[in-house]
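> Structure, please.
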Amino acid sequence: MDGSKVFPDTRVMRPQIIDAAKMLDSFRDTAAAPMQTAKQKIESDFHDRWARELDPASLSVRESFEAATAVENRWALERLSPIAGLDVVDLGCGAGEAAVYFARQGARVSACDLSPGMADVALRLARLHGAAVDVAVAAAESLPYPDAAFDRVFANGVLHHAELLPALREVRRVLKPGGRAAFIEPLRHNPLISIYRRLAAGNRTPTEAALGVGDFAAVRRIFPGMVHRVVWLFSL
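Reported below is the predicted structural model:
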């Protein structure tokens, strides 16, 4: 998706690399926690619990884009390429595999996640691979970056956890003129996904909602040049 809004030619300030582990400890103190909506609190707590089960040493970085089954990530990367030498943000970075992969391809990478636990895993994964990744804890609806900060935005499985239009507006805001964004999302009209989501309700948050075809209109309001591709119709 191409962003075409003209922004002032301002100097981009790079976010400072943070110690997400210390941030996680500080956020356990409610007085230090950032303001969250009820939905964001549910999402953050769920993904913090998931993060505690992850070992960065067991995560696959190269395979997340180069394995035969990484069809959607590979297509998104094709849409975003080239990325070497560009400012890229991995929005809702989770464990950080994409952020580290982009850094290893020569991009200047920032990553953020609503979950302090996931941000901590992403930071440790980056250190494990010797990758320079700036990590922040932030909601997709309120990003801690200046206007026109990034050439590329990547978000895999993020929009269906967030408030759609506010998140899209933030992505548009942080994109440089001519920048591109790629989103990978589950679609609720996939019959197998719909069945699986009902059977495995405990594996997801009660606040998430897979996107529908009607949501494409909302995306086009922010990104008129949107193109999309559907994959994995008969699989999960």
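
> where along the protein do the helices fall?
20-27, 38-51, 63-66, 71-80, 97-104, 116-128, 164-174, 191-199, 215-222 (DSSP state H).

> how about a markdown table for the ones you listed, with mean neighbour count added?
Placement of C-beta: from N, CA and C, glycine included. As requested, those are arranged in a markdown table below (neighbours: other Cβ atoms under 10 Å):
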| stretch | mean neighbour count |
| --- | --- |
| helix 20-27 | 17 |
| helix 38-51 | 18 |
| helix 63-66 | 16 |
| helix 71-80 | 17 |
| helix 97-104 | 25 |
| helix 116-128 | 24 |
| helix 164-174 | 19 |
| helix 191-199 | 13 |
| helix 215-222 | 15 |
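
> so which of these gets nearest residue 142?
Closest approach to residue 142 among the helices of the chain is made by helix 164-174 (6.9 Å; Cβ to Cβ).

> that older thread, save the helices of the chain as a markdown table, and put in distance to residue 90 too.
Below are the helices of the chain laid out as a markdown table (distance: least, Cβ to Cβ, whole Å):
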| stretch | distance to residue 90 |
| --- | --- |
| helix 20-27 | 14 |
| helix 38-51 | 15 |
| helix 63-66 | 11 |
| helix 71-80 | 11 |
| helix 97-104 | 4 |
| helix 116-128 | 8 |
| helix 164-174 | 12 |
| helix 191-199 | 23 |
| helix 215-222 | 19 |
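
> how about JSON lines for those helices, with mean pLDDT and distance to residue 152 added?
What follows is the helices of the chain, written out as JSON lines (pLDDT from 0 to 100; distance: least, Cβ to Cβ, whole Å):
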{"stretch": "helix 20-27", "mean pLDDT": "50", "distance to residue 152": "22"}
{"stretch": "helix 38-51", "mean pLDDT": "95", "distance to residue 152": "23"}
{"stretch": "helix 63-66", "mean pLDDT": "96", "distance to residue 152": "14"}
{"stretch": "helix 71-80", "mean pLDDT": "94", "distance to residue 152": "5"}
{"stretch": "helix 97-104", "mean pLDDT": "98", "distance to residue 152": "8"}
{"stretch": "helix 116-128", "mean pLDDT": "97", "distance to residue 152": "17"}
{"stretch": "helix 164-174", "mean pLDDT": "97", "distance to residue 152": "10"}
{"stretch": "helix 191-199", "mean pLDDT": "71", "distance to residue 152": "27"}
{"stretch": "helix 215-222", "mean pLDDT": "90", "distance to residue 152": "16"}
